[in-house]
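[1] give the three-dimensional model of this entry:
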Amino acid sequence: MKERPPNEPSRRFPQPQRLWDDHARYATSLGCPTCLEFGRCGGVHTDAGVLDCHDLCSCRDKSRCDMVCRFNPRVFVARMREVGGLTFETAPRVPIRGVPDLPRLVPFVDHRYGRASTLNEPVVALSLYELINMATGALHVTSREALANRFLIPPDAAIIVSGVDKDAPIERWWELPNRREILAGLARLNVAVVTAPNYSVLTDVPRTDNLHAMKRTLLAWTEMATAGLRSALHVNARTDHDYRRWGELITKRPEIEILAFEFATGGGRGERIDWHVEQLCKLADRVGRPLTLTIRGGGRKAAQLRHHFAQVTLIETEAFARAIRRRRAVLTESGRIRWASSPTPKGAPIDDLVAHNVEVVRMAHDLGVEPAPRLRLVATSRRASDRNDQPVHPGLLGDLVAPTEAGSIAPESQRVIAAAKT
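    Numbering: from 1, shown residues only. Purely as a prediction, here's the structure:
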């Protein structure tokens, strides 16, 4: 196995679910009650066998550690200063902006490549990081006409700008010195909603890194709202206590009217998606006033969330991404979506394929259809084991359920096991 750089944690957890925080099953780690951040953090409750979260900082060269961690005091102090401490209370208050009427499903349009005509959709979602030159901080477009031309969407379409992405772009957003000017430009484009960047709240790092990421998310949201934008606060969380903190903040601040969550990666894995959905529902109930929620991924949980939120809008990325890969959505007799190969002639536009996929996915979503599970193949040279490291009988493999957003493939029979996509 490739050795990690000395500035990255060297400790590995082959079973990452051991790091999932579960207050009901596990006691507070012994070192937590004496920690300075215990009141804000609430402690860790895991099966990882750690004294406290500082055991998760296992970098060999702590002077080069890039986490928000007390083992590198110089960097730690600088990171505290950049967010004004880890408390939520120091974040500025902003005006109430109101909530637009959003549809249940909004297609995500990543770019115009491979297309020749306008996607006739009244509401579309775009990436924040595709609207900006991330090297210079300049907006790619300054008018709705230029925006429509760049993405081949209607000039009068309502726009949701999504701040969800990989770590590199959202970290770069924090580094841009002209965020205020960028946000003013977005306000002039009259976008309907912009969701704040989803700074990662990881499970294998000290909790100070989590608390710092949550504070950055809040500050990014306040910047957007201050610029006159209707902004969705991304409520990334690792523990029950994190969700309670978000709930207390939202209860105190009526200007927080729209929330965002991303289920497409860690939050949508295995049993953890159910935990996040349960926590979001409890949060909405505790706040006690109507809240709107925008989600990426987790479409099969939208109906459950709608029992607790006034509006739930799914930013649907699969239809566009599959069309780029020449896959056509097919609604099967069993009521599931299957992604069939749909090659096109070289150079032929895929506009019809994109429009078709959006329509079929919307139809399935409106019908409450759960997409067929997508499986991946995992080569193994030893007998498969379950989450408790107990052998799995080969006859049970056919009973595995792998929830996700679309399509399925049949596993081969030789030296592989079926596993949920992660």
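
[2] now name the helix or strand holding Ile182.
    helix 179-188 (DSSP states H and E).

[3] now for whichever helix or strand comes after that helix, which elements pack on it?
    Where DSSP H and E defines the elements, the next helix or strand beyond helix 179-188 is strand 193-195. Applying 3 or more Cβ pairs under 8 Å, 6 or more residues apart in numbering; DSSP states H and E, one finds that strand 193-195 contacts strand 158-162, strand 231-234. Every C-beta, even on glycine, is put in place using the N, C-alpha and C of the backbone.

[4] just to revisit the earlier point, now tell me what touches the helix holding Ile182 from outside.
    Contacts of helix 179-188 with the rest of the structure, by Cβ atoms under 8 Å, 6 or more residues apart in numbering, involve 131-132, 137, 139, 142, 161, 173, 176, 194, 223-224, 227-229.

[5] ok, stretch 356-366 next?
    Contacts for stretch 356-366 (Cβ under 8 Å, 6+ apart): 104-105, 107, 119, 121, 299, 302, 314, 316, 318-320, 322-323, 327-331, 335-337, 371.

[6] one step back: between the helices and strands packed on strand 193-195, which gets nearest to Leu51?
    strand 231-234 (30.8 Å; Cβ to Cβ).

[7] show me which positions of stretch 172-187 end up buried.
    For stretch 172-187, burial by neighbour count (16 or more other Cβ atoms under 10 Å) applies to Arg172, Trp173, Arg179, Ile182, Leu183, Gly185, Leu186.

[8] how does the protein divide into domains?
    As assigned by automatic domain parsing, the chain contains the domains 16-81, 90-367, 373-422.

[9] for the chain, what spans make up the strands?
    Here the chain has its strands, by DSSP state E, at 105-107, 123-127, 132-133, 138-139, 158-162, 193-195, 231-234, 258-262, 292-296, 311-316, 327-331, 337-341, 375-379, 416-420.

[10] adding mean neighbour count, write the ones you listed out as TSV.
    Converted to TSV, the strands of the chain look like this (neighbours: other Cβ atoms under 10 Å):
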stretch	mean neighbour count
strand 105-107	24
strand 123-127	23
strand 132-133	17
strand 138-139	16
strand 158-162	23
strand 193-195	27
strand 231-234	27
strand 258-262	26
strand 292-296	24
strand 311-316	24
strand 327-331	19
strand 337-341	17
strand 375-379	14
strand 416-420	17
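
[11] just send those strands back as TSV, with distance to Ala91 and mean pLDDT too.
    As requested, those are arranged in TSV below (distance: least, Cβ to Cβ, whole Å; pLDDT from 0 to 100):
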stretch	distance to Ala91	mean pLDDT
strand 105-107	28	97
strand 123-127	25	98
strand 132-133	23	96
strand 138-139	26	96
strand 158-162	21	97
strand 193-195	17	97
strand 231-234	10	98
strand 258-262	16	97
strand 292-296	20	97
strand 311-316	24	97
strand 327-331	42	95
strand 337-341	41	95
strand 375-379	40	41
strand 416-420	36	36
